[in-house]
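Q: got a predicted structure here, sequence first:
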Amino acid sequence: MHIAIAGNIGSGKTTLTKMLAAHYGWTPKFESVDFNPYLSDFYEDMERWSFNLQIYFLNKRFKDVVEISRTDDVIIQDRTIYEDARIFAPNLHDMGLMSSRDFDNYSDLFNLMMSLVGNPDLLIYLRSSIPNIVAQIQKRGREYEKGIRIDYLTGLNERYENWIKDYDGNLLIIDADNIKFGNNPEDFAKVTDMIDAQMFGLFSKPVNNNL
């Protein structure tokens, strides 16, 4: 079974992935950040490194999806392959930070990959406002994130909402501004209660819930 967590930078994906893995005994698969060879360069010069960064992420996440499809374990994944192609790459293209030539090449590769894999069994989307995202980014204090532009984060948020609105699959939406699962056990219990309720119908029909 494949459970995936989606959300903007700083929305709490890694925190929730760790907590749910520990709670349910699921196997976590984390986004590659600390060992990403392009990330710090990208935040210094987005236009120069946007294509390199997105190809790196696409390659890593496609490998993850293939590995997940081959295991009998329940995997909980920090960020999905869809977010790279539906959120980050189009946002860079629209901002003029990725050329149309590179974007078209990237999109063709993504479409080929997606012809070979399916949706996760459950997608958990962490909805978060820009002020909350900025506060969380500042709180964790990653040096390479200090140069992130507000318009970049805003564009990502708008694309996340458009993507989720049309998402066709089992979906749980968590209000990350008000559900503080990271430091409030009662809020975390609300999240697990919703997951427990939804898991019973995972393989019957798509269900969209909001928390």
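A: Okay, I see it.

Q: what distance do you get for the residue lying farthest from the centre of the chain to H93?
A: The centre of the chain is farthest from one residue, R101, which by Cα atoms, centre = their mean lies 25.0 Å away. Per Cβ to Cβ, to the nearest Å, R101 is found 10 Å from H93. Bear in mind the C-beta positions are built from the backbone N, C-alpha and C, glycine included.

Q: do the same with R127
A: 24 Å.

Q: those helices in this structure, which residues are they?
A: Assigned by DSSP state H, the helices in the chain fall at 13-24, 39-44, 46-69, 81-83, 89-94, 100-114, 130-140, 150-165, 185-199.

Q: can I get the CA coordinates of stretch 166-177 in PDB?
A: Output in PDB follows, covering the C-alpha atoms of stretch 166-177 (Å, rounded to 0.1, in the frame of the first residue of the first chain):
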ATOM      1  CA  ASP A 166      -9.200  18.300  -9.700                       C
ATOM      2  CA  TYR A 167      -7.400  15.300  -8.000                       C
ATOM      3  CA  ASP A 168      -9.200  12.100  -8.800                       C
ATOM      4  CA  GLY A 169      -8.300   9.600  -6.000                       C
ATOM      5  CA  ASN A 170      -8.600   9.000  -2.300                       C
ATOM      6  CA  LEU A 171      -7.800  12.300  -0.700                       C
ATOM      7  CA  LEU A 172      -7.500  13.600   2.800                       C
ATOM      8  CA  ILE A 173      -7.000  17.400   3.300                       C
ATOM      9  CA  ILE A 174      -5.500  18.700   6.500                       C
ATOM     10  CA  ASP A 175      -5.600  22.400   7.500                       C
ATOM     11  CA  ALA A 176      -2.000  22.700   8.600                       C
ATOM     12  CA  ASP A 177      -2.500  26.300   9.800                       C
END
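
Q: touching, Y106 and F57? I think so.
A: No - distance between Y106 and F57: 10.4 Å, which falls outside the contact criterion (Cβ atoms under 8 Å).

Q: what about R70, neighbour count?
A: 7 (other Cβ atoms under 10 Å).

Q: how about Y24?
A: 15.

Q: do E158 as well
A: 13.

Q: now N132, nearest residue through space, not along the chain?
A: D177 (4.8 Å; Cβ to Cβ, 6 or more residues apart in numbering).

Q: dump the residue contacts of that neighbour.
A: R127, S128, S129, N132 (Cβ atoms under 8 Å, 6 or more residues apart in numbering).

Q: appreciated, that's everything.
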